[in-house]
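Colleague: coords below, sequence missing:
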């Protein structure tokens, strides 16, 4: 499982020109699921993500978490995080998880975030939809959490 986390000052996701999820300060999280991922994998990444201290404190140090700054989450599924570009120029996606299972885990992640941070604003895209994502990356600051490396 991979989470590509971007610290944003604003982000939204549209489907058919309609905004389906929108946040101000927080994290835009692109979520990729691969074969073999489980709820335990998701729990590990959600815990790490929610605890990340990547917002600046009064001294300009990245020392504050989402909770500390009253931040929000925008969660978007993205199977292309498992693109394989080793051969040729056309990416392969054989490592991406089965869509039905990936959707189950995406829903589980959204639920785990809501349960882990009951008062936090948590928005999302629509699994499998053609989404248009807009963001203002704050920094820019982007982190990749990969379950194989945690």
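Modeller: Thanks, I have the structure now. This structure is a prediction, so every number in the text was calculated from the model and none was measured. Numbering: from 1, shown residues only.

Colleague: residue contacts, the residue positioned nearest the centre of the chain?
Modeller: Closest residue to the average C-alpha location of the chain: residue 29 at 1.9 Å, with C-alpha atoms, centre = their mean. Counting by C-beta atoms under 8 Å, 6 or more residues apart in numbering, residue 29 touches 3, 4, 5, 6, 49, 73, 74, 75, 76. Using the backbone N, CA and C atoms, a C-beta is placed for each residue, glycine as well.

Colleague: nearest to residue 13, of those?
Modeller: residue 76 (5.7 Å; C-beta to C-beta).

Colleague: wouldn't the closest one be in contact with residue 30 here?
Modeller: Yes: here residue 76 reaches residue 30: they are 5.4 Å apart, a contact under C-beta atoms under 8 Å.

Colleague: Where is the longest strand in this protein?
Modeller: The longest strand of the chain (DSSP state E) is strand 131-146.

Colleague: and that one, which residues are buried?
Modeller: 131, 133, 135, 138, 145 (16 or more other C-beta atoms under 10 Å).
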